[in-house]
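Participant: Build me a model from this:
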Amino acid sequence: MNNTFFLDTDEGSIECKIITSLYSEKYKQFYLVYEETDKIDGDVFVSKYDPKDEENNLFDVSEEELKEVMILLEDEFADE
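Facilitator: Just a heads-up that it's a prediction; the model follows:
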């Protein structure tokens, strides 16, 4: 997996840095946690994705999924 990717938006293409990717057994979904490389405001974004999708589409997550991702992140980074 690359460490960066470009996200196409209405404002143009934005370079993003991947923080981590996660899989939820509860939702049977893959999630990408990322931030914009040129912003220093600390905003972190979460999107669903399908690793088999050749177009690398990202999809919005629900509030419940976001809560699950937060739990997964806590578990992943608890040992650091």
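Participant: where are the low-confidence patches of this structure?
Facilitator: Counting by pLDDT under 70, the chain has low-confidence residues at 1-2, 79-80.
Participant: hey, where'd the helices end up in it?
Facilitator: 63-77 (DSSP state H).
Participant: can you give me the strands for it?
Facilitator: Applying DSSP state E to the chain gives strands spanning 4-9, 12-24, 29-36, 45-49, 58-59.
Participant: Just give the number of residues close to Phe5.
Facilitator: 17 (other CB atoms under 10 Å). No exception for glycine: its C-beta is placed from N, CA and C like everyone else's.
Participant: so what's Phe6 up against?
Facilitator: Contacts for Phe6 (CB atoms under 8 Å, 6 or more residues apart in numbering) come out as Ser13, Ile14, Glu15, Cys16.
Participant: By neighbours, which of those residues wins?
Facilitator: Neighbour-wise, the contacts of Phe6 (other CB under 10 Å) top out at Cys16, 21 neighbours.
Participant: Which residue, other than its chain neighbours, is closest to Phe45?
Facilitator: Nearest residue to Phe45 in three dimensions, chain neighbours excluded: Tyr34, at 5.5 Å (CB to CB, 6 or more residues apart in numbering).
Participant: quick one: which of the strands of the chain is nearest Glu74?
Facilitator: Between Glu74 and the strands of the chain, the shortest separation by CB to CB is 11.1 Å, and it involves strand 12-24.
Participant: What strands line up against that closest one, and which way round?
Facilitator: strand 4-9 (antiparallel), strand 29-36 (antiparallel) (DSSP bridges).
Participant: buried sites along the longest one?
Facilitator: Taking 16 or more other CB atoms under 10 Å as the basis for neighbour counts, the residues of strand 29-36 that come out buried are Gln29, Phe30, Tyr31, Leu32, Val33, Tyr34, Glu35.
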